[in-house]
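Enquirer: Fold the following and give me the result.
(chains A and B)
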There are 2 protein chains.
Amino acid sequence: MSDEAPFAFGGLERVLHERARLGIVTSLAARPEGVRFSDLKRLCDLTDGNLARHVQVLEEAGLVKAERITGKKRLTRFRLTDEGRERFFAYLRALEDALKAADAAARQIDPPAEPARA
Amino acid sequence: MSDEAPFAFGGLERVLHERARLGIVTSLAARPEGVRFSDLKRLCDLTDGNLARHVQVLEEAGLVKAERITGKKRLTRFRLTDEGRERFFAYLRALEDALKAADAAARQIDPPAEPARA
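Expert: This next block holds a predicted model:
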């Protein structure tokens, strides 16, 4: 956190901070064996189109890889890449710092209850 | 958090979750007396154009109000509205829950160190 710009929150990497993508990456971290498209849809409550779009952003950023498994039916399973794991960890540390800063700020406008003044 | 869609993170209201806007709202919470445009720029490390755009989004969403003070020179001071305070508090609770879920997921891919297997 910079003294000069304490609320710039530069560590909140945009590709991971976006809500849907944070859900997708969290799902993939929770299931390191890989997650199928249909399961990701359910875990993150996303439409086909939204999930496809956000997964593409994550793939292009090098955070997620798709494994196409040919068999009785076409399956696609998604996993985090090694780089995706590292950037997710870094993002979580930045998010924790941002939450602390925001909580401290919130206490300025919602201080602990105190006795009413006379 | 929904059992069906545990990683939808629906409480992360998009207007507040966006990084620059989170910085602006945190700045305004930290300084309930109001913050001038030039100070917001510095606190959040934003350009004039970006700050103006994000403040407009926050004003249109009812979270922020501008007070134009005429005097020797034109000043504009920004504050959170009552609704902005309440939605910021709700957002922070949702963010804390999301961080807990993401931290728990991250432990699946980065378990505590254990002795190397034989």
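Enquirer: ranges for the helices of chain A?
Expert: A:14-17, A:19-30, A:37-44, A:48-60, A:82-109 (DSSP state H).
Enquirer: Save the ones you listed as a markdown table, and put in mean pLDDT and mean neighbour count too.
Expert: For glycine as for every other residue, the C-beta is placed from the backbone atoms N, C-alpha and C. What follows is these, written out as a markdown table (pLDDT from 0 to 100; neighbours: other Cβ atoms under 10 Å in any protein chain shown):
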| stretch | mean pLDDT | mean neighbour count |
| --- | --- | --- |
| helix A:14-17 | 98 | 18 |
| helix A:19-30 | 97 | 25 |
| helix A:37-44 | 96 | 18 |
| helix A:48-60 | 97 | 15 |
| helix A:82-109 | 95 | 17 |
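Enquirer: For those, give me JSON lines that also has distance to B:Lys41.
Expert: Compiled in JSON lines, the helices of chain A are given as follows (distance: least, Cβ to Cβ, whole Å):
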{"stretch": "helix A:14-17", "distance to B:Lys41": "19"}
{"stretch": "helix A:19-30", "distance to B:Lys41": "26"}
{"stretch": "helix A:37-44", "distance to B:Lys41": "35"}
{"stretch": "helix A:48-60", "distance to B:Lys41": "29"}
{"stretch": "helix A:82-109", "distance to B:Lys41": "17"}
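Enquirer: what's near enough to touch A:Thr26?
Expert: B:7, B:101-102, B:105 (Cβ atoms under 8 Å, 6 or more residues apart in numbering or on different chains).
Enquirer: quick one: stretch A:77-95 to chain centroid distance?
Expert: Distance, stretch centre to chain centre, for stretch A:77-95: 8 Å (Cα atoms, centre = their mean, to the nearest Å).
Enquirer: Run the contact check for stretch A:41-57 versus chain B.
Expert: Yes - judged by Cβ under 8 Å from any Cβ of the partner chain, stretch A:41-57 comes into contact with chain B at A:42-46.
Enquirer: A:Ala94: which of those is nearest?
Expert: Comparing the residues of stretch A:41-57 next to chain B against A:Ala94 with Cβ to Cβ places A:Cys44 closest, at 21.3 Å.
Enquirer: Excluding chain neighbours, what is closest to that closest one?
Expert: Closest residue to A:Cys44 apart from its sequence neighbours, by Cβ to Cβ, 6 or more residues apart in numbering or on different chains: A:Gly23 at 4.0 Å.
Enquirer: What's the separation between the one you found and A:Gly62?
Expert: In this view, A:Gly23 and A:Gly62 are 19 Å apart by Cβ to Cβ, to the nearest Å.
Enquirer: likewise A:Asp110?
Expert: Counting by Cβ to Cβ, the gap from A:Asp110 to A:Gly62 is 41 Å.
Enquirer: what do you get for A:Lys41?
Expert: 23 Å.
Enquirer: A:Gly34 contacts A:Phe78, correct?
Expert: Yes - in this structure, A:Gly34 is within contact of A:Phe78 by Cβ atoms under 8 Å, at 6.3 Å.
Enquirer: Among the two, which residue is more densely surrounded?
Expert: Using other Cβ atoms under 10 Å in any protein chain shown, the more surrounded residue of A:Gly34 and A:Phe78 is A:Phe78, with 23 against 17.
Enquirer: any residues in contact with both of A:Gly34 and A:Phe78?
Expert: Contacts common to A:Gly34 and A:Phe78, judged by Cβ under 8 Å, 6+ apart, are A:28, A:67.
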